[in-house]
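Trainee: sequence plus the predicted model coming up.
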Amino acid sequence: MSIVLDGEKIETPGLETVSWLDDPKVPVTTDVNPRTQWIRAIVMHTVHGKVGKLLPGVKSSTRAESYAKYQANTSRDVSWDYTIDTDGTIIVSNDPIRHYTWQATSVNPITLGIELVQEDNGDLYEGQIDAAVRFLDCLTRELADHGHPIQRQVPVSAEGKVVKGVIKRIANSSTAKSVVGIYGHRNQTTNRGAGDPGDFIFDALLKAGYMGFCLDTDADLTFWKGVQSDHGLTMDGVPGKGVQKMLLENGHKHGLLVSRPGD
């Protein structure tokens, strides 16, 4: 099964991803704009934006397909790229290299969006979160190979905890361009609550080895400026294609500092 990047069908071993190239019944999202900037970040969402429990295992479901059909047919100006169901199935709705979706207002041109299907009360599933982590591993790897390096890092507080609310650098459309990695819709706007997407996905990413940086203290910029300085690169603190090239030359697969299974 596959995702679609720049018109190319990319197989995703170990993941149940379904795109329109796998099944013509999967609709392509209609609310998009041409992509003209490199993808700096992935925005995580939940369908209800509620804080629920993390339940064991998975739950068989076809709701991701239903949500994908909804976003392709609704008159609302809304769209996203991938939907992860409670059984770990991932529905692919967009080619994020060619187009960006309308899922996080001001950061849409520099991000893509992933929705996690929730129960009505906000509950998610351990197997679903595990699938989301493995999908993010795959997606960051494949996007890097297609010229869109997203380093495997998430925002944390000064105490190293997951950030539940808005982060000023992300909420500001100008400074958001300096933020690379994976963050939540709740980190970008006050219009969504702490359950969009909640803590579980970020706790799992940190446990998997993704780096955590406090954006309020510009810890990410300081870290990457040090990396850039050590290798004679422009010191802007943003780990873009120059950093990716350097990391590739120094043996880091795909130009990503954090290594994950499948790399």
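Mentor: Received it, and whenever you're ready, just let me know what you need.
Trainee: strands along the protein, start to end?
Mentor: Secondary structure of the chain (DSSP state E): strands located at 2-5, 8-11, 17-18, 32-34, 41-46, 54-55, 82-84, 90-92, 99-101, 111-116, 124-125, 153-155, 181-184, 211-213.
Trainee: just put the ones you listed in TSV and tack on distance to residue 222 and mean pLDDT.
Mentor: Every residue, glycine included, has its C-beta placed from N, CA and C. What follows is those, written out as TSV (distance: least, C-beta to C-beta, whole Å; pLDDT from 0 to 100):
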stretch	distance to residue 222	mean pLDDT
strand 2-5	32	98
strand 8-11	34	97
strand 17-18	36	98
strand 32-34	33	98
strand 41-46	18	98
strand 54-55	33	98
strand 82-84	32	98
strand 90-92	35	98
strand 99-101	29	98
strand 111-116	23	98
strand 124-125	33	98
strand 153-155	13	98
strand 181-184	15	98
strand 211-213	9	98
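Trainee: could I get these as CSV with mean neighbour count and distance to residue 169?
Mentor: Shown next, in CSV, are those (neighbours: other C-beta atoms under 10 Å; distance: least, C-beta to C-beta, whole Å):
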stretch, mean neighbour count, distance to residue 169
strand 2-5, 21, 27
strand 8-11, 14, 31
strand 17-18, 22, 31
strand 32-34, 13, 23
strand 41-46, 24, 11
strand 54-55, 16, 28
strand 82-84, 25, 25
strand 90-92, 26, 29
strand 99-101, 22, 20
strand 111-116, 25, 14
strand 124-125, 26, 27
strand 153-155, 24, 9
strand 181-184, 26, 10
strand 211-213, 19, 11
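Trainee: please name the residues that touch residue 254.
Mentor: 140, 141, 144, 145, 149, 244, 248, 263 (C-beta atoms under 8 Å, 6 or more residues apart in numbering).
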